[in-house]
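Student: got a predicted model here, sequence first, then my questions.
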Amino acid sequence: MKKVIISVFILTAFLSQSEMKAQSETSGRDAVYRATHTKTTELKHTKLKVNFDYEKEQLNGEEWLTASPYFYPSDSLVLNAKGMLIHEVSMDMKPLKYDYKNDILHINLGKTYQKNQDYTVYIKYTARPNEVKQKGSAAINDAKGLYFINAQGKDPNKATQIWTQGETESSSAWFPTIDKTNQKTTQEIEMTVPDKYVTLSNGYLKNSTKTGNGLRTDHWVMEKRHSPYLFFMGVGDYAVIRDKWRNIPVDYYVEKEYEPYAKQIFGNTPEMMEFFSKKLNYDYPWNKYAQITGQDYISGAMENTTCTLHGSSAQQKPGQLIDENKWEDVIAHELFHHWFGDLVTAESWSNLTVNESFANYSEYLWNEYKYGKDQADYHLMKDVGMYLHNPGDFNKDLVRFNYASREDMFDLVTYQKGGGILHMLRNYLGDDAFFAGINDFLKTNEYKNAEAHQLRLSFEKISGKDLNWFFNQWYFGNGNPKISYSYTYDPMKKETSVSINQNQSEYFQFPLTVDVFVDGKAQRQKIWVDAKSKNTFIFSATKAPDLVSINPDGVLLADIDENKTAEQYLTQYLGTKDFYGRYQAIQKISEMATKNDAATKALGAALKDPFFRVRIKALQGIDLGQPNMAKSLSTEVEKIANNDPKTLAQAAAITVLAKTNNPKYASIYEKGSTAVSNAVKGASILGISSLNPEKIAGSLAQIDLEDANEELINKLLPIIVKNKIEKQMPAIGQLVAFYPFLKFQDPELGKTAEEGFNWIMSSDNLKATESITKVLLQAKSQIPDNPQIKMMLSQMLKDGLNKKMEVLNNNPKSSTLHQQIDSINKAIEAYK
């Protein structure tokens, strides 16, 4: 599953409040041990026959469940069945005794069965998802398993859909099962739906039969075993775009409005399947691959076997796609799960890393293959940065058996840190051993369950290396190196001495790359740092180094204290080939309050960097109001604004020009305001506003900003709020939702965000209100477990609710205000 991750900007705003403690789970030995579920029964086959009651938002189901005792003889079957009505339980048409309470269905089989002695139990039931009481992840306040979206069609602006979400243990909200990761079963589902809708489920569509009264029954069959949480049903009015990989169908289910753009969004999927199949030396193991979008989806995306569900944010239009397909990493992530998660499944939530860390790292692999190593390293840097910026995650093991809730495992440690750990392991072992080890892990455990120790054993089997040291500190330990360093030069011995200091309590051992710069050229050294507070290394050098740079390739997952001059960062930028060393140099220079000639020279050089993210970072550090910068950099900034091949770089350059208030750039803004790119349009509107404020409202009303990047929204927010541009209300929701914290980090922006929040809460705008509540629910898992923060958000929502109630009093016939109020109340409940 791909979680929606709030930005480092917002996360930093949270952390500026106070020193934060770890999230809900503890790391001590006194915590509960979360054992892998004991298998007393082995599922074999699950057959379902279902139809839907759209008015009641319920499912009428029949189930034929084939199973056998796992090892010991047994006369009973115990199933998870949440919030259901159980109408009948029988075997061979003979009733069975059963007891159903506390969401557990205990069935007396009438005789004792032996291992591998199969039986089939029939269950007739009604699934009532709105009666399910279990809590879901911190990102949501429920885990209903089965979701009816606009079931009665009351909202004319929202599609009527049904979709399911099984992870972690919510499939048992729509069919009785043993809802644990270490169960695997084949399946078939017969879905009866209105004939106007299409359906999607796991496996292949065996047949489709019209049954009269405007209904149709689709029969989906899954012939290979997978875990119950990966079962899926989707129903709705979708356009289906057909594609293929080799001889395997690849389909994209999107709302009809997005049909023309489906291949722009998802069209790299066949190439991803080919790339991953070759990289892993293991062909995509299933008989189809489909992707479907879901309105109001509660997370980012979910890797249901052969049929991934994406949130509706995956659906984008040309103005967004020309800037970047923001969903491409998610598409790669969910596809890779079909090896790591679906083919080989974590045996317990404690071992979720064997699912999610690999899926996270697949994003690096795809970017490296498709767009180059710079893009992949940029992605890794951003991901690892999210973990490093959240101190509450420092004390969490990657594999941990003491979590408070299984949902707590879906965090920055399992995903972002886990991906960074795999990258370190790849660099330590080398590509050949790393990918051969992965292949061994997959083949050894295919269609079964696995844990982190089995991953270690596969890597050791292939490489011949003992990896306990690596897994003990990175998988079964917590934290990361916190490093400071210094160096001296001895002219008599012609030696440079470099001291590496670890400043955390538990010391790490690790390989490390060091660049020693002499006369502007880097001499690369590979060293091994032992697990102690101080390591010193001696390198031969003909003269004193210009600087020493550690971890220039960004491989080591660590906090590193850097303190260099602008001149040294210039040397680092010019002499480093690695993305991380180049980007870090420009980032540090951009953050300097005053920029001397060396800083200006570095920024100017970076404007010509081959990687557009470095060009953008340089642009963010440029102020053409400073005469030295204007003289040396204006021409290059103008070139980027007009001609850069990346629209995001063009937009960044236009933003720099807009700050000058210089009318000579008016033609650039006018041209940009009609561009396809949302980023270029938005930046150009900023430029127009700096010269002609009265023209801004009309221009801004023409642009689609709902999925614009955060930086652009930050810049346009004052204009949108001041001019009350109602079309852009939903676009600002994800920013204004965090105004109490923004006020600490940037008081002016925070004040404007507060005005925007109050504007939305004083309006009858369902989409804007839900943009606030949705992001708050999604962000909850990443917000530090701090009572003050929860209280601030809760009070903010309560104040908003009061304003919304006033709107309802003045407009009691509104068709959507009750939905808005329900949405706010749900968010308030989540932050109690």
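Tutor: That came in fine, so what should we check first? This structure is a prediction, so every number in the text was calculated from the model and none was measured. Numbering: from 1, shown residues only.

Student: next structured bit after the helix or strand in which residue 628 is found?
Tutor: Using DSSP states H and E, residue 628 sits within helix 627-643. Counting by DSSP H and E, the next helix or strand C-terminal to helix 627-643 is helix 647-658.

Student: quick one: that next one to helix 627-643, angle?
Tutor: Here the directions of helix 647-658 and helix 627-643 differ by 140 degrees (axes from the mean of the first three to the mean of the last three CA atoms, to 10 degrees).

Student: show me what the helix or strand following helix 647-658 is packed up against.
Tutor: Going down the chain from helix 647-658, the next helix or strand is helix 666-672, by DSSP H and E. On a contact count with 3 or more CB pairs under 8 Å, 6 or more residues apart in numbering; DSSP states H and E, helix 666-672 meets helix 627-643, helix 647-658, helix 678-691. C-beta coordinates here come from the backbone N, C-alpha and C atoms, glycine included.

Student: quick one: the shortest one to chain centroid distance?
Tutor: Using CA atoms, centre = their mean, to the nearest Å, the mean C-alpha position of helix 647-658 is found 27 Å from that of the whole chain.

Student: can you check stretch 242-253 too?
Tutor: The answer for stretch 242-253 is 25 Å, by CA atoms, centre = their mean.

Student: what mean pLDDT does it get?
Tutor: For stretch 242-253, the mean pLDDT works out to 98.

Student: okay, how far is it across that stretch, tip to tip?
Tutor: Distance between the two ends of stretch 242-253: 9 Å, counting by CA to CA, to the nearest Å.

Student: and that stretch, what's buried?
Tutor: 243, 245, 248, 250, 251, 252, 253 (16 or more other CB atoms under 10 Å).

Student: distance of the closest residue to residue 463 other than its chain neighbours relative to residue 425?
Tutor: By the measure of CB to CB, 6 or more residues apart in numbering, the closest residue to residue 463 outside its immediate chain neighbours is residue 433, 4.3 Å from it. Using CB to CB, to the nearest Å, we find residue 433 at a distance of 10 Å from residue 425.

Student: now residue 402
Tutor: Taking CB to CB, one finds residue 402 at 24 Å from residue 425.

Student: neighbour count for those two, which is higher?
Tutor: More neighbours surround residue 425 than the other of residue 402 and residue 425, with 21 against 17 (other CB atoms under 10 Å).

Student: so which of the helices and strands packed on helix 666-672 gets nearest residue 236?
Tutor: helix 678-691 (27.0 Å; CB to CB).

Student: can I get the closest one in PDB, CA atoms only?
Tutor: Output of helix 678-691 as PDB, limited to C-alpha atoms (Å, rounded to 0.1, in the frame of the first residue of the first chain):
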ATOM      1  CA  ASN A 678      -0.100  24.500 -14.700                       C
ATOM      2  CA  ALA A 679       3.300  25.400 -13.100                       C
ATOM      3  CA  VAL A 680       4.200  27.800 -15.900                       C
ATOM      4  CA  LYS A 681       0.700  29.300 -15.800                       C
ATOM      5  CA  GLY A 682       0.800  29.800 -12.100                       C
ATOM      6  CA  ALA A 683       4.200  31.400 -12.000                       C
ATOM      7  CA  SER A 684       3.200  33.700 -14.900                       C
ATOM      8  CA  ILE A 685       0.100  34.800 -13.000                       C
ATOM      9  CA  LEU A 686       2.400  35.700 -10.100                       C
ATOM     10  CA  GLY A 687       4.400  37.800 -12.600                       C
ATOM     11  CA  ILE A 688       1.300  39.500 -13.900                       C
ATOM     12  CA  SER A 689       0.100  40.200 -10.400                       C
ATOM     13  CA  SER A 690       3.400  42.000  -9.600                       C
ATOM     14  CA  LEU A 691       2.800  44.300 -12.500                       C
END
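
Student: that helix: how far from the chain's middle?
Tutor: The answer for helix 678-691 is 30 Å, by CA atoms, centre = their mean.

Student: mean confidence for that helix?
Tutor: 91.

Student: show me what that helix is packed against.
Tutor: Using 3+ CB pairs under 8 Å, 6+ apart, helix 678-691 is in contact with helix 318-321, helix 647-658, helix 666-672, helix 696-700, helix 710-723.

Student: just so I know, which of those helices lies nearest residue 160?
Tutor: Short answer: helix 318-321, nearest of the helices and strands packed on helix 678-691 by CB to CB, at 25.3 Å.

Student: now do the helix or strand following that closest one: which elements does it pack against?
Tutor: As assigned by DSSP H and E, the chain's next helix or strand after helix 318-321 is helix 328-336. For helix 328-336, the packing partners by 3+ CB pairs under 8 Å, 6+ apart come out as helix 269-280, strand 289-294, strand 301-302, strand 307-311, helix 353-371.

Student: show me what the shortest one is packed against.
Tutor: Looking back up the chat, that one is strand 301-302. strand 307-311, helix 328-336.

Student: now residue 279: how far from residue 244?
Tutor: Taking CB to CB, one finds residue 279 at 20 Å from residue 244.

Student: what does residue 789 give?
Tutor: 48 Å.

Student: circling back to that earlier point, adding mean neighbour count, write the helices and strands packed on helix 678-691 out as CSV.
Tutor: Shown next, in CSV, are these (neighbours: other CB atoms under 10 Å):
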stretch, mean neighbour count
helix 318-321, 20
helix 647-658, 26
helix 666-672, 18
helix 696-700, 19
helix 710-723, 20
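
Student: for residue 219, grab phi and psi.
Tutor: phi -110, psi 110 (degrees, to the nearest 10).

Student: contact partners for it?
Tutor: 188, 189, 190, 205, 206, 207, 208, 209 (CB atoms under 8 Å, 6 or more residues apart in numbering).

Student: just to revisit the earlier point, comparing the helices and strands packed on helix 678-691, which yields the minimum mean pLDDT?
Tutor: helix 696-700 (a mean of 75).

Student: how far out from the middle of the chain is that one?
Tutor: Averaging C-alpha positions (CA atoms, centre = their mean) puts helix 696-700 33 Å from its chain's average.

Student: and for stretch 761-772?
Tutor: Taking mean C-alpha positions (CA atoms, centre = their mean), stretch 761-772 and its chain are 25 Å apart.

Student: okay, now the unreliable bits of the chain?
Tutor: 3-31, 135-142, 707, 709, 781-785 (pLDDT under 70).

Student: name the helices or strands packed onto the lengthiest helix in it?
Tutor: Of all the segments assigned as helix in the chain under DSSP state H, the longest by residue count is helix 787-810. The contact analysis (3+ CB pairs under 8 Å, 6+ apart) places helix 787-810 against helix 739-745, helix 747-761, helix 766-779, helix 817-830.
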